[in-house]
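**Student:** quick one: sequence plus predicted model below, questions after.
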Amino acid sequence: MQLRTFLGKDMKEALSAMRAELGDEAIIVASEKTKDGSVLLRAGFEGTRTPPDTSEAETPWPSPDPAHVSGVLGSFDARYREALVMRLRVPRADGPGYSRPFDRDQLVSLLRAHRTPDALADALVEEAGRSGIPDLTLALASALDRFMRNGPAVKAPNGMILVGPPGAGKTAIAAKLAAQYRLAGTPVVLAATDTQTAGQMARLESFAACLDVPLVIASTPEILSEEVQAASYANAFLIADCAGCDPRGPLSSELVRFLAAGRLEIAGVVSATCDAEEAGEIVDALAKLGAEKLIVTGLDLARRKGALIAFACSSLAVAQVTASPYLADGLATLTPLILSRALLADAAPLVIRKVA
């Protein structure tokens, strides 16, 4: 089956583009609705016939390179790049030309609506006011810039180990990081240290197969150290997926030994859906374990972003974030301006009003 991808403002437009290029015999294999309401359609045709010539027609979506397509849904590389292009094509609601005048009371209401910790909210409001910037988005971005740390580059050349609370998404992050390094041309090895939790091994095996990267079973810290050394000899970057834990409580001696194995960089994986006050406690506990950066998940599930603000303004830098559970959507960076825009984009649903 040869595949094509089409994008239309609705299903009717996407279908019309599909039929114009592939004809009435086309087979739809997948469809997806984007954030702006557009419809992404993947379709193909059986056999070796040549589709109708549409070289002079303007198509709403670039067709993927057939060399990168294998199987019904295409290879991971093709889908990853398609998802990236799709995100770039989605218009930003708070783009150039859209301005909100600075309003101190509105900013206070905004941060309270997001359940930002009181002390942090007060500090951000004061800093935004001192900036003297007349635009609310830019004033808030300026205040966030004073508190946010830049995400550090990978310090340990051997690899990285992910640690964080259960359900934060460590396994998916391990796969997304592996995809990131793989597409950058760096050999990757995935390591599973959690062999007890139901379904964890199966998920990581599935991700490894999708990415076409090796998976090793490191059931003990000693085995993990050996695998780190083997990956180093092969010039590969090892990413270890740890069992979930509450870093604020007592940790098992085995987990502590895993974190010390192989001199891996420790990255904390946390969810933006957690309580904003607890976010600070979790960061402090992760820092004591040796974590030097955070990866924040669940942005698509967190309507109130107080925890995200707390993570971003904590003692650990937020290296990357994700707003999707899907592997092909990858990871994104979080800058003060991006965070400011995200907070203000949610202003209407959170019913911001002036404080009397």
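**Tutor:** Everything's here; your move.

**Student:** my guess is Ala141 contacts Leu343. True?
**Tutor:** No: Ala141 is beyond contact range of Leu343, at 9.7 Å (criterion: Cβ atoms under 8 Å). C-betas here are computed from N, CA, C, even on glycine.

**Student:** any idea how far the closest residue in space to Val269 that isn't next to it in sequence is from Lys170?
**Tutor:** Among residues not flanking Val269 along the chain, Gly164 sits closest, at 3.8 Å (Cβ to Cβ, 6 or more residues apart in numbering). Going from Gly164 to Lys170 by Cβ to Cβ, to the nearest Å gives 6 Å.

**Student:** what do those two both touch?
**Tutor:** Common contacts of Gly164 and Lys170, defined by Cβ atoms under 8 Å, 6 or more residues apart in numbering, comprise Cys242, Gly244, Val269.

**Student:** could you dump those residues to a markdown table with neighbour count?
**Tutor:** A markdown table is the format used below for the shared contacts of Gly164 and Lys170 (neighbours: other Cβ atoms under 10 Å):
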| residue | neighbour count |
| --- | --- |
| Cys242 | 22 |
| Gly244 | 19 |
| Val269 | 25 |
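
**Student:** now those in TSV, with secondary structure and distance to Asp284?
**Tutor:** Formatted as TSV, those follow (DSSP: H, G, I helix; E, B strand; the rest coil; distance: Cβ to Cβ, whole Å):
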residue	secondary structure	distance to Asp284
Cys242	coil	19
Gly244	coil	18
Val269	strand	16
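
**Student:** I'd like to know which of those residues is nearest to Val108.
**Tutor:** Val269 (31.4 Å; Cβ to Cβ).

**Student:** hmm, back to that, from Thr171, how far out is the residue nearest to Val269?
**Tutor:** Gly164 is 11 Å from Thr171, by Cβ to Cβ.

**Student:** please apply the same query to Leu238.
**Tutor:** Taking Cβ to Cβ, one finds Leu238 at 15 Å from Thr171.

**Student:** one more: Leu286?
**Tutor:** 18 Å.

**Student:** Ser131 too?
**Tutor:** For Ser131, the distance to Thr171 - Cβ to Cβ - is 41 Å.

**Student:** show me where the stretch 101-250 of the chain has its helices.
**Tutor:** Applying DSSP state H, counting those that start in this stretch to the stretch 101-250 of the chain gives helices spanning 104-113, 118-131, 136-147, 170-183, 200-211, 221-233.

**Student:** and of the ones you listed, who's closest to Ala319?
**Tutor:** Per Cβ to Cβ, nearest to Ala319 of the helices of the stretch 101-250 of the chain: helix 170-183, 9.9 Å.

**Student:** and this structure, what are its domains?
**Tutor:** 2-89, 159-333 (automatic domain parsing).

**Student:** now those domains as TSV including distance to Thr137 and mean pLDDT?
**Tutor:** Formatted as TSV, these follow (distance: least, Cβ to Cβ, whole Å; pLDDT from 0 to 100):
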stretch	distance to Thr137	mean pLDDT
domain 2-89	19	58
domain 159-333	15	90
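
**Student:** name the stretch among these that sits most buried.
**Tutor:** Mean neighbour count (mean count of other Cβ atoms under 10 Å) peaks for domain 159-333 among the domains of the chain, with a mean of 19.

**Student:** from one end of that one to the other, what's the distance?
**Tutor:** End-to-end distance for domain 159-333, by Cα to Cα, to the nearest Å: 20 Å.

**Student:** wait, isn't Leu316 in contact with Val283?
**Tutor:** Yes: between Leu316 and Val283 there is a contact under Cβ under 8 Å: 5.4 Å.

**Student:** got any residues that touch both of the two?
**Tutor:** By Cβ under 8 Å, 6+ apart, the residues touching both Leu316 and Val283 are Gly268, Leu294.

**Student:** what sits against the closest residue to Thr186 other than its chain neighbours?
**Tutor:** If the residues on either side of it in the chain are set aside, Thr186 comes closest to Phe237, at 5.4 Å by Cβ to Cβ, 6+ apart. Applying Cβ under 8 Å, 6+ apart to Phe237 gives the contacts Val154, Asn158, Gly159, Met160, Tyr181, Thr186, Pro187, Val188, Val189, Ala231.

**Student:** how close does Phe237 sit to Asp10?
**Tutor:** 42 Å.

**Student:** do the same with Ala317
**Tutor:** Remark: distance between Ala317 and Asp10 (Cβ to Cβ) = 41 Å.

**Student:** likewise Ala209?
**Tutor:** Taking Cβ to Cβ, one finds Ala209 at 35 Å from Asp10.

**Student:** for Ala43, helix, strand, or coil?
**Tutor:** Here Ala43 is recorded as strand under DSSP: H, G, I helix; E, B strand; the rest coil.

**Student:** surely it and Leu22 touch.
**Tutor:** Yes: assessed by Cβ under 8 Å, Ala43 is found in contact with Leu22 at 6.1 Å.
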